[in-house]
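# let's see this in three dimensions:
(one chain, ligands or ions: 1)
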Amino acid sequence: MSQPSGVISLEQDTPELARAYEQAGIVQFHHGKFLIGPLALKAGEHVLDIGTGTGRLAEFVAGLVGPQGRVVGIDPLESRIEIARLRQSETLTFETGRAEDLSRFGDGEFDAVYLNSVLHWIAEKGRALREIHRVLKPGGRLGLNVQDPSRPHQSRQLLRAAIVQAGLGDAHRDSNPVLGVTDDKLKSLFTAAGFIDYRSDLRSLIDLHRDVDTVLRWSEASAFGNFLDGFSNAERDRVSTAFAELVEANRIPEGLRLERYLRFAFARKAPSSNS
Ligand SMILES: C[S@@+](CC[C@H](N)C(=O)[O-])C[C@H]1O[C@@H](n2cnc3c(N)ncnc32)[C@H](O)[C@@H]1O
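Residues are numbered from 1 along each chain as shown. This next block holds a predicted model:
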């Protein structure tokens, strides 16, 4: 079912989109590793991966914390958790769940929490960050990356241009909203949730895609049904044709080169905090 514009739906994911994400999600895995390094995870630590998707990064993290450690991945999309569970082990488990409600976890259960390309999808960001603060141990670390609305991904800029070029700019003025959080907003959300030592930087990441179909499949799968939501099939075809032409202009010998921009942010819970 289509949503009012600007509202993210968790209801429109399908097993096909989940499988497509598992195939194409290697892109997300690579930039996820930039998130994990600064968290400086140690053997035996307990880690929560929020919005784990199909669990590829969580599996990598389980290797880092080793047999004495523990990694839990949660995601609201059942089809993605089903695939993630194929990676399950004694120290790596997956459950359906949302960032805004971590009530299944006790206070101070985790040494580190991370969200890889997830926060921009979360409606109640303040609530989610307060929950994360609660489940972290004193001194526990948080790392996340998030889209910055002042720097939309190149694919999103091209998609907006394709919508206009297809003559649908007026009919779908508010569709395909640019998601994300500015640095100032992010800093104030972190501070309001009780975090200290906030630091962030905006990075440019290069994705190489084989062809425009892989770009479209990736965009659909990573938006779990929210991509071109509200467009009829005929309108989608028109936009896809215009998009294909625009994307082709970015071809280099290795493939289609598209830049994405993500803000990486880190903070920690105060060592003496009792909450
Ligand atoms: C682009 S995917 C990233 C998946 C994974 N982190 C990775 O690195 O491949 C975004 C994920 O955020 C999840 N998500 C959306 N809203 C969420 C929420 N409120 N709480 C937790 N996860 C959420 C989606 O279900 C989706 O799996």
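
# all contacts plus neighbour counts: C-alpha atoms, from now on.
Noted.

# center of the protein, which residue is that?
The centroid of the chain falls nearest to Ser117 when counting by Cα atoms, centre = their mean (2.1 Å).

# next one: that one from Ser222, what distance?
Distance of Ser117 to Ser222, computed by Cα to Cα, to the nearest Å: 9 Å.

# again with Pro138
In terms of Cα to Cα, Pro138 sits 33 Å off from Ser222.

# so Glu254 makes contact with Leu208?
Yes: Glu254 is within contact range of Leu208, at 7.3 Å (criterion: Cα atoms under 8 Å).

# of these two, give the one with the bigger neighbour count.
Just comparing Glu254 and Leu208: by other Cα atoms under 10 Å the higher neighbour count belongs to Leu208, 17 against 9.

# list the contacts of that one.
Contacts for Leu208 (Cα atoms under 8 Å, 6 or more residues apart in numbering) come out as Glu254, Gly255, Leu256, Arg257, Leu258.

# quick one, what contacts the first one?
Meaning Glu254. Glu254 sits next to Leu208 when contact means Cα under 8 Å, 6+ apart.

# repeat that for Ile163.
By Cα under 8 Å, 6+ apart, Ile163 lies in contact with Gly169, His172, Val239, Ala242, Phe243.

# same thing but 10 Å
Going by Cα atoms under 10 Å, 6 or more residues apart in numbering, Ile163 touches 169-173, 175-176, 228, 235-236, 238-240, 242-243.

# let's see the pLDDT reported for it.
Ile163 is assigned a pLDDT of 91 by the prediction.

# about what we covered before: buried among the contacts of Ile163? Need that as a selection in ChimeraX.
Buried residues within the contacts of Ile163, by 16 or more other Cα atoms under 10 Å, are selected in ChimeraX with:
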select :172,175,176,228,235,236,238,239,240,242,243
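
# ok, of the contacts of Ile163, which one's closest to Glu109?
Lowest distance from Glu109 to those (Cα to Cα) belongs to Asn176, with 37.2 Å.
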